[in-house]
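Enquirer: Generate a structure from the sequence data that follows.
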Amino acid sequence: MSEHEALVQRWQAFLDKIFERLDEICTEAEPGVKAIGAQHPDDSLPLGNAITGLDHRVQQLKDRIEKTWDDQVGEKFEVDSKLHDRGLDMKQDAELTFDERWTLAKARWLSDLARDAFPRALAAIEQPAPCTSCGAPLAVKNRLEVEAVTCGHCGVVNQVAPPPAVYAYFGFGVTNLAEAAALPIRHAIERQRVQVDRWRRARDWAPEPVESLEEWERMERSYWRTLAEERARLRNEPVDEAFIESRMIFFYKYSLENNQVWVRAKGKRYT
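Expert: Numbering: from 1, shown residues only. Alright, predicted model coming up:
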């Protein structure tokens, strides 16, 4: 085995150890996350705080990749430009894979909790909403949004909010399920951007072809459409086309329209 290959293997062994530790954290965290969700089924705050704490812990682990490269590994790869690129690519691939594994783990946990919340939400929808003045049942048309309802018995106007279980599922839960459905597309976009950079690097940083930019555009739209369609399906409502277009306007403005190849080929998508 050459000295260069031995160096690559040692670097890969370190990265593998990072992934082993990430797997351990996920295994340790999952029961706790699900227990918090079960203890506070209609309150997303305790669960959100727990996830934030885990995010910090996991980020510290991921930061070890960068720190180890900077402090111990990077200079060893500098003896050869191709070797250096290989080491950097391994680092970048590891960071991408790390993020993917962590976000997919969180998405799975939150999706499981959301599916558990669905029957509770249905049961809460069936519960009558009493008038705050006389207690008579109100004729509520939409239990998913705040609605002003006039009591047919005493005439008092009531502001009827969704029951906590309904809000928990159709708000927080649906958001998590929709994001989980779209997450693989976001990961694919991130991978595509990395491959483009490597293609350009191999060609002395040639401009990205317009066909590649068009593929990025298609993937970005697919992400936001998947998110919107899944949310609409779960809430049994029309797809929010305005939401999709608003996200794409932002994407065109701050991504594609900063690329001169795109501007020369396509002009301004939005003005």
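Enquirer: List the buried residues of the helix or strand hosting Asp16.
Expert: Following DSSP states H and E, one finds Asp16 within helix 3-39. Judged by neighbour count (16 or more other Cβ atoms under 10 Å), helix 3-39 contains these buried residues: 4, 7-8, 11, 14-15, 18, 22, 25-26, 29, 33-34, 36-37. Where you see a C-beta, it was placed from the backbone N, CA and C, and this is true even at glycine.
Enquirer: Please compute how far it lies from its chain's middle.
Expert: 19 Å (Cα atoms, centre = their mean, to the nearest Å).
Enquirer: which residues make contact with the following helix or strand past it from outside it?
Expert: Of the helices and strands lying after helix 3-39 in sequence (DSSP H and E), the nearest is helix 44-68. Here helix 44-68 makes contact (Cβ atoms under 8 Å, 6 or more residues apart in numbering) with 14-15, 18, 21-22, 25, 29, 32-33, 36-37, 39-40, 91, 94-95, 98-99, 102, 106, 110, 113, 168, 172.
Enquirer: follow-up on the earlier one: helices or strands next to the helix holding Asp16 in the packing?
Expert: helix 44-68, helix 74-77, helix 81-126 (3 or more Cβ pairs under 8 Å, 6 or more residues apart in numbering; DSSP states H and E).
Enquirer: Let me have those helices in CSV, adding mean neighbour count and mean pLDDT as columns.
Expert: Shown next, in CSV, are the helices and strands packed on helix 3-39 (neighbours: other Cβ atoms under 10 Å; pLDDT from 0 to 100):
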stretch, mean neighbour count, mean pLDDT
helix 44-68, 14, 97
helix 74-77, 16, 94
helix 81-126, 17, 96
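Enquirer: Can you add distance to Val261 and give those back as CSV?
Expert: Converted to CSV, the helices and strands packed on helix 3-39 look like this (distance: least, Cβ to Cβ, whole Å):
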stretch, distance to Val261
helix 44-68, 31
helix 74-77, 31
helix 81-126, 23
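Enquirer: The ones you listed: which one's closest to Arg247?
Expert: helix 81-126 (18.5 Å; Cβ to Cβ).
Enquirer: Check the offset of the closest one from the chain's centre.
Expert: With Cα atoms, centre = their mean, you get 7 Å for helix 81-126.
Enquirer: got the CA coordinates for the next helix or strand along the chain from it in PDB?
Expert: Per DSSP H and E, helix 81-126 leads on to strand 147-150 as the next helix or strand towards the C-terminus. Taking Å, rounded to 0.1, in the frame of the first residue of the first chain, the C-alpha atoms of strand 147-150 are listed here in PDB:
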ATOM      1  CA  GLU A 147     -63.700  30.900  13.300                       C
ATOM      2  CA  ALA A 148     -66.200  33.500  14.500                       C
ATOM      3  CA  VAL A 149     -69.400  31.600  15.300                       C
ATOM      4  CA  THR A 150     -72.700  33.200  16.400                       C
END
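Enquirer: which strands and helices sit next to strand 147-150?
Expert: So strand 147-150, by 3+ Cβ pairs under 8 Å, 6+ apart, packs with strand 157-160.
Enquirer: what's the first-to-last distance across stretch 123-134?
Expert: Using Cα to Cα, to the nearest Å, the end-to-end distance of stretch 123-134 comes to 24 Å.
Enquirer: For Thr175, grab the count of nearby residues.
Expert: The number of residues packed near Thr175 is 17, by other Cβ atoms under 10 Å.
Enquirer: Over to Asn176?
Expert: So Asn176, with other Cβ under 10 Å, has 23 neighbours.
Enquirer: And it, how close does it get to Tyr169?
Expert: 10 Å (Cβ to Cβ, to the nearest Å).
Enquirer: which residues do those two both contact?
Expert: With Cβ under 8 Å, 6+ apart, Asn176 and Tyr169 have common neighbours Ala114.
Enquirer: Please, where are all the helices along the stretch 151-271 of the chain?
Expert: Taking DSSP state H, counting those that start in this stretch, the helices of the stretch 151-271 of the chain run over residues 164-167, 174-201, 210-235, 241-254, 260-266.
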